Structure formats: C-alpha cells, structure tokens
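Chemist: mind looking at a prediction? Sequence and model below.
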Amino acid sequence: MSDDTQSDHFGPEINRRSFIKGCSIMAAAMGLSESIVPQMVEAATAPGRPPVLWLHFQECTGCTESLLRGSHPDIGRLILDIISLDYHETIMAAAGHQAEANLHATLDKYAGKFICVVEGAIPTKDNGIYCQIAGRTAMDILAEVAPKAAAIISIGTCASFGGLQAAAPNPTGAVGVQDLVSGTPIINIPGCPPNPISFLGTVLHYLTFNKLPALDHLNRPKFAYGRKIHDQCERRPHFDEGRFVDQFGDEAHKQGYCLYKVGCKGPGTYSNCPVVRFNDVGSWPVGVGHGCIGCTEPNFWDTMTPFYERMPQVKIPMGDGIISEVDSTGKKVLGVTAAAIGAHAAVGIGKSMMCKDCKKDDNQGEKS
Amino acid sequence: MSYERIKIWSILLRLYHWSFAGSIVVLVVTGLYINTPWTNSLIENHNGFPMATMRYIHFLAGFIFTAAVIMRLFLLFFGNKFERASDFAPVTARNIKSIPAQIMTYLYLRKSDEQHLGHNVLAGTSYLLTFFFALGQLISGFYLLYPESANWQWWGLTFFGPQQQARNIHHLLMWYFIFFAVIHIYLVIWNDIKGKDGLISSIFTGEKFKKI
C-alpha cells in the first residue's frame, strides 16, 4: 500500500495529492465541474477558517461517529485546516466552564459569521427539560445561538425533522431545528446517519461560493437528496423485470434480487446512498441485502414502518415485473397452442377413422 | 365460366397466419422502440415505464410468434395436402421447374393459366425461408430474454455467438421480416387481381375457387 493510499484512508496526516483528490470527489458529489476544484482547494485552505459551533441535543452521536469515518477530507483535516471547530462536545479538548467559555467567546466574536451545526432533536414539552446541558435546556441554547449564526446545518434526521425522538407518541415533544428557528438559513442533512460526503460537500460548497447549495422543499441540498434511492439503485433492473426477494435468505436473496417485497423503502426515499455509498468501502444497505428504511425522510419512524413489509402503492411494471408476467402469460399462450394442435390432430385422426375415403378426399381438397 | 369452392386452409393454418402476422407487426414496432426509444427519457420514473412496457409487449408478442411457429411446424408435417412442406418445397423436379416459370409470370414474360390450389412453389419456398429465419429470431430472442439460462446460452452461443452478436443478428433479421411483409402483401394483391381463385379471401375463409 502506497503512502498516498495509506493517508487517504487511515493516516492522521494527509498529503496534498489526496487532499486535492478529496476536493475532486466532493465536487463530483455536488455535480460541479472539475474546473471548480482549484477554487474549492483555495477556499478550503484559505486562512481565517470559518468558526463552527457543533451543538448536541437529543441524539445518539451516530452522525458524529459517521463523520469521524469520513475521509475526503478526513476529520483531522476538516477541523484543523478547513474549519475552526470551536465547540463540539464529543471531540473538543475543553470541558466544563472552559468549554462554555469557548462557546460564548465564538458567539460574541463571530456573531453573524459562524456556522452552527446541530445534531439531535430539541424537546419542547414541559419547557424543554428533557435535554439540558450546563444547566440550560436545549431550547434555551438554540435560542441563544441560532439568531447569531450565519447558517445552521441540521445534521441527521433528528435535528432536521425530530427523528426517532419525535416518533409517536413523542413523549418529550421533540422537534427539528426548522420548527423552532426562523430568520437564519437552515440546511437539513437528514439520514440516520447521513453520509459524511453530503455534510462535507455542503460545507465546502459554502466555503467555495459563500452561499448554500440549492435546496429542495425540505431544505435538503439537491446534490445529495435530489433523486430517489429507487431510481439510482443497482438492483432496480430486478424490480422492473420482476425478480424479487420474498424472504430473507431465500434463493432470490442470494442472487441479489430486488428487496422491495421485503420492505425496502427506496421508492419513497430521496438520497444519494446508492451513488456515493458509505465509509470508502463501496457499500450501502441495499448492497449488502437489506432494504432501505427511508431514514432521510421526515417522520420515517412513523411512516416507513413496519420496516419489513412492502410499501403500498408502488407500481411494478405490468403488475409483477415484465419478465415474471411474460413467463406466466407466455406459458398460457404455448399451452393454448398445444391444445389447438392436439384438437387439430384429434379431429384429423377421428375423421380418417370414421371413413376411409376421407383421406383421399382430403388430398383432393374438400368440396363444400 | 363456373367455379366450385374448395377447402384449402384449415382453421389451424389460418390461426397460424394471423397470429404470425399480428405478432410480427407488434414485434417490429416495439423492437424499434427498444432499439431507439422515441419517447423522452424524462418520462421514465417510478410511475411510468415506457421502456419496460414496450419490452413486456415485445416479449408477449414473442411468445405468440413462438406459438405461431410451433403451429406451422406441426402443419408442415401433419397438415392437409396443401399445408405440408412436400407440396411446395423445391424438392421434386416438377416443383423446381415451376420456380423459373413463376418468376417469368411475375415479370409479365409469360401468361400463366396454371392454377395453384395451395402455395405456388416460389411463394412456398420463400415461406420456408421465412420459417427458417423465424426459428433464428425465436432462438436469438429467447437467448436475449433469458441471458442467464444455461439452455438458451447453449443455443445462443452455438448459433449466434455472444449476446451482442445475437442482438445484431436479431435486429438484422427484423429487416428481413419487414421486406418480406412488403413483398408478400404486394404479390397477394397482384395475384388476387390477376388470378381467379380468390387468394386474399382464402386466408379468411380457408376456401379457394376452382374452375370447373
């Protein structure tokens, strides 16, 4: 393994070659031309790194965990060279009062300039007492930070739409950032967890162009959430042609057929998972034989469950896929043909048995 | 001049003819779509499947085509006198001699008063060639439809080679059927006008008219 590959994936340091490679991957993920790469490199290496405050509320830290496994650029490069991560409870060195001091220093010094990243939902029931940090509720903290931020990135489905915490009956009254904040641009990067590429791409887009990428009606960047999983899936031909897994572990499952009938929610889910895949290993849920659970969509715990039952109202071509339909219809056509031939032969044999002269007659053509 | 009606074509042969003709029309139209889709790809989405639908219709028509070929195969050996290959194949001296005579007739160089109750030998020979090409279309078609089937792989590789070669041959053979259809329709109309046996109606009624 070359040094380059080594640092690309595992090393604590990164050389320029793989850094540029990372920027190119990011440009490709956002659908930008390669001519933008130098500009992106310049923006990512410019002095005066933009400060980022990362707030954790009701969450599992899965989004941070996922980001730690990002490699284009890796987390070290991201927080040391590209952005200035002034507050992040999982990976910051400071603790206690020192951490709080950092938070407020950035709030005062960079008011209107820093990027706020929110991970996790915000509970609102009973004045938000179900999530408190440094003695203050998540609602309080967000109300203080959000108006001063240049933009807010809600990372993960919880921060975007409430996620698991907001699932019925939503005991803590959890909501996403966009339900509480107005006046500050909000960009949602949903997913459970979201792909680090989608998050890093958004950050680099902001640094390069000084504005947020184009968003869809749910404030998700279109470059990552513009198309359905179903329409980009490598198993899609099996769907169209009617080759489905009926049960996990069956022969069709071993063949890698479509997972729609065992509950895949790809037909209703917008994300780039089939294209960018995860963690540099070229894999994603459907690729390893598990259906999509629709984790980038609002309320997916309520609307996409049960996870292992087929999604209603999804049209399969010709009812059950064109090949499987034509197989059964084709057999019927051939069956009818065999019957017609059998009838023809039976009548012919019957006629010649009934009168010996008919045979001769037939050869001459029947008079009628 | 008086005529009598003679039963020539059995119901099974007429069924074969129309399922063969109908399936070919559908196969050519959908086949050309599969080759060069003329709808905008923007209408391809989860709710509309123009390509999948065209392919389905093509495959279904392919099965009907197969059924027609099987019917004709049966009739070539077990049909009535006029339907059997022995009646119109260029295998007897008399049959072979009638081919140039028929060509002369079509070139207006010879006036024919000969009456063919079944196929004339030239037509019959072209039908046998068509039957042979139909088998080629059928085998290459099933090879393309079931690319993973070991049986069809054997047939496909034996006669056509790899998938893409089979695809090309499948496409080229389509043009034979288009040319055949054009010439066939022209000549049956010509024969219906020049002849007295009621050629066109015979494929609906099964009967021709014979001079007494």
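Modeler: Looks like it came in fine.
Chemist: name the residues of chain B found near chain A, please.
Modeler: Applying Cβ under 8 Å from any Cβ of the partner chain, we find that chain B lies next to chain A at B:4-8, B:10-12, B:15, B:45-47, B:49, B:52-53, B:55-56, B:59-60, B:62-64, B:66-67, B:70-71, B:74, B:78, B:80-82, B:117, B:145, B:207, B:210. Backbone N, C-alpha and C define where each C-beta goes, glycine included.
Chemist: for stretch A:155-164, the distance to its chain's centre please.
Modeler: 13 Å (Cα atoms, centre = their mean, to the nearest Å).
Chemist: can you list the weak-confidence ranges in the chain?
Modeler: Chain wasn't specified; assuming chain A. Under the criterion pLDDT under 70, the flagged ranges of chain A are A:1-14, A:46-47, A:355-368.
Chemist: ah, no, chain B please
Modeler: In chain B, residues with pLDDT under 70: B:40-47, B:112-115.
Chemist: how about the strands in it?
Modeler: B:3-7, B:207-211 (DSSP state E).
Chemist: deepest in the core, which of those is it.
Modeler: strand B:207-211 (a mean of 18; mean count of other Cβ atoms under 10 Å in any protein chain shown).
Chemist: what is it packed up against?
Modeler: Using 3 or more Cβ pairs under 8 Å, 6 or more residues apart in numbering or on different chains; DSSP states H and E as the contact test, the elements touching strand B:207-211 are strand B:3-7, helix B:199-205.
Chemist: let me know the angle separating that strand from strand B:3-7.
Modeler: Relative orientation of strand B:207-211 and strand B:3-7, computed by axes from the mean of the first three to the mean of the last three Cα atoms, to 10 degrees: 140 degrees.
Chemist: quick one: strands adjacent to strand B:207-211?
Modeler: Here strand B:207-211 has these sheet partners by DSSP bridges: strand B:3-7 (antiparallel).
Chemist: dump the strand it pairs with to CSV, restricted to CA.
Modeler: Extracted in CSV, the C-alpha atoms of strand B:3-7 (Å, rounded to 0.1, in the frame of the first residue of the first chain):
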residue,chain,number,x,y,z
TYR,B,3,-66.4,-22.3,-60.2
GLU,B,4,-66.6,-24.5,-57.2
ARG,B,5,-65.5,-23.7,-53.7
ILE,B,6,-62.6,-25.9,-52.4
LYS,B,7,-61.5,-26.1,-48.8
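Chemist: let me see the contact set for the closest residue to residue A:146 other than its chain neighbours.
Modeler: Leaving aside its sequence neighbours, residue A:146 sits nearest to residue A:181 (Cβ to Cβ, 6 or more residues apart in numbering or on different chains; 4.4 Å). When contacts are counted by Cβ atoms under 8 Å, 6 or more residues apart in numbering or on different chains, residue A:181 touches A:142, A:146-147, A:152.
Chemist: again, only using 7 Å
Modeler: The contact partners of residue A:181, by Cβ atoms under 7 Å, 6 or more residues apart in numbering or on different chains, come to A:142, A:146, A:152.
Chemist: so how far is chain A from residue B:104?
Modeler: Distance of residue B:104 to chain A, computed by Cβ to the nearest Cβ, to the nearest Å: 26 Å.
Chemist: who touches that residue in this structure?
Modeler: Residue B:104 neighbours (Cβ under 7 Å, 6+ apart): residue B:110.
Chemist: related to what we said a few turns ago, take the contacts of residue A:181 and keep only those in strands.
Modeler: residue A:152.
Chemist: so which of the contacts of residue A:181 is surrounded by the most neighbours?
Modeler: Most neighbours among the contacts of residue A:181, by other Cβ atoms under 10 Å in any protein chain shown: residue A:152, with 25 neighbours.
Chemist: looks like that residue contacts residue A:183 (just checking).
Modeler: No: in this structure residue A:152 lies outside contact range of residue A:183 using Cβ atoms under 7 Å: 10.4 Å.
Chemist: can you count the residues close to residue 72?
Modeler: Picking chain A for this. So residue A:72, with other Cβ under 10 Å, has 25 neighbours.
Chemist: my question was about chain B
Modeler: Neighbours of residue B:72 using other Cβ under 10 Å come to 22.
Chemist: any idea how many residues pack against the closest residue in space to it that isn't next to it in sequence?
Modeler: In space, and not counting its chain neighbours, residue B:72 is closest to residue B:16: 5.1 Å by Cβ to Cβ, 6+ apart. Neighbourhood size, residue B:16 [other Cβ under 10 Å]: 26.
Chemist: and residue A:43, how many residues sit next to it?
Modeler: 19.
Chemist: can you list the neighbours in contact with the helix or strand hosting it?
Modeler: Taking DSSP states H and E as the criterion, residue A:43 maps to helix A:37-45. Under the contact criterion Cβ under 7 Å, 6+ apart, helix A:37-45 has outside partners A:20, A:23-24, A:26-27, A:81-82, A:204, A:207-208.
Chemist: got a quick PyMOL command for the buried subset of these?
Modeler: Selection of the buried residues among these in PyMOL, burial being defined by 16 or more other Cβ atoms under 10 Å in any protein chain shown:
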select buried, chain A and resi 23+24+26+27+82+204+207+208
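Chemist: of the contacts of helix A:37-45, closest to chain B?
Modeler: residue A:27 (25.3 Å; Cβ to the nearest Cβ).
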